[in-house]
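S.K.: Provide a 3D model corresponding to the input given below.
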Amino acid sequence: MTMPLMNLGTSSIAIALILLTAVALAYIFYPAYIVALSDSLPIEEELISPNNNGGRSSSQPLLSIVVPAYNEEERLPIMLDSALAYLQPHRAKILNICRAIALKRGESVPLTSSQIEWLIVSDGSKDRTCDIARIYGKKWSSPNDSWKLIELKRNGGKGAAVKAGMLRTTGLL
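M.R.: As a prediction, this is how the structure comes out:
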């Protein structure tokens, strides 16, 4: 008589473990599912700060920098300040490395190309992340750089934000 009850208990535990595993797998793979669907996420693209040629450089940008951001109004300025502070004294060296890599890949690179393209991708942010991106784009506007804001209308996860940014880059690297 105790034998059927033990089997029922074991079955219940097995079913609970299967359900728990299914929930855990769904939790783990849900971001990948959203990334797969990111082509259907509503997206707005805004050119914040074109270079002085109306957004069209005389040559293709050498480097595209994609910055995914979700509710980063406090951290985005710190990150951008840090990146820009490093980039300013090292810009020529970084762009020369980019030229060398592009040439090794067989790309045609004009010697005058020095543009850097910044893409800030707001991943459905509910705070002032987009406003901060606009402020930095206007503040750091230059003839050689362009700043774009890609705004996902709902949160799709970091992978979806990176994918959206990467698909909209125009730089060689």
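
S.K.: alpha carbons only for contacts and neighbour counts from here, please
M.R.: OK.

S.K.: in the sheet, who's paired with Ile43?
M.R.: Leu152 (DSSP bridges).

S.K.: What ranges in this structure fall below the confidence cut-off?
M.R.: 1-11, 14, 24-41, 50-59, 111-114 (pLDDT under 70).

S.K.: any chance you could map the strands in it?
M.R.: Here the chain has its strands, by DSSP state E, at 43-49, 63-69, 116-123, 145-152.

S.K.: Show residues contacting the second one.
M.R.: Counting by C-alpha atoms under 8 Å, 6 or more residues apart in numbering, the neighbours of strand 63-69 from elsewhere in the structure are 76, 95, 98, 115-123, 125, 129, 158, 161-162, 165-166, 169-173.

S.K.: Turn the buried ones among these into a named PyMOL selection, would you?
M.R.: With 16 or more other C-alpha atoms under 10 Å as the criterion, this PyMOL line picks the buried residues out of the contacts of strand 63-69:
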select buried, resi 76+95+98+115+116+117+118+119+120+121+122+123+125+129+158+161+162+165+166+169+171+172
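
S.K.: before we move on, back to that, tell me the most buried of the strands of the chain?
M.R.: For the strands of the chain, the largest average neighbour count (mean count of other C-alpha atoms under 10 Å) is found in strand 116-123, namely a mean of 27.

S.K.: Who are the packing partners of that one?
M.R.: When contacts are defined as 3 or more C-alpha pairs under 8 Å, 6 or more residues apart in numbering; DSSP states H and E, strand 116-123 packs onto strand 63-69, helix 129-139, strand 145-152, helix 158-167.
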